[in-house]
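Q: Predicted model, plus sequence, below.
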Amino acid sequence: MKRTFLFTFLGLVLVGPTLHFWYLYLSKLVTTPGASGAFLRLLLDQFLFSPIFIGVFLSTLITLEGRPSHVVPKLQQLSGSLLFLPIGSCGYLFSFSTSGLSRSSSSLLPASES
């Protein structure tokens, strides 16, 4: 139960607000439409924001679990890994609407003809 509360707390206090404002800022920063804009947002997100945010998230999680002395070794362990590969690109290809999964206007896929 403690772990559930901890992740709920982190989601409400850290993850939710941070990602909300990051993606809002990112959409204002990169206004290029189409595939090139989506690709630029992907690069900024995966190579600039994600490594920093993962470090902040893990540091906060480990500290709230009562193991602050494990923060630095854990971050050193992760710093050489391939953890930050741009595997989240699918989020830029599709968006969810009330009618289900639909193509995003910034999709990298070619538009289907109707």
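A: Happy to help now that I have it.
Q: what's near enough to touch residue 58?
A: Residue 58 sits next to 71, 74, 75, 78 when contact means C-beta atoms under 8 Å, 6 or more residues apart in numbering. Just so you know, the C-beta spots here come from the backbone N, C-alpha and C atoms, and that holds for glycine as well.
Q: mind checking how far it is from residue 79?
A: Residue 58 sits 11 Å away from residue 79, going by C-beta to C-beta, to the nearest Å.
Q: Over to residue 67?
A: From residue 67 to residue 79 the distance is 18 Å (C-beta to C-beta).
Q: for this protein, what spans make up the strands?
A: 94-97, 100-103 (DSSP state E).
Q: how many neighbours does residue 31 have?
A: Residue 31: 8 surrounding residues under other C-beta atoms under 10 Å.
Q: if I read this right, it contacts residue 40, doesn't it?
A: No. Here residue 31 does not reach residue 40: they are 10.0 Å apart, not a contact under C-beta atoms under 8 Å.
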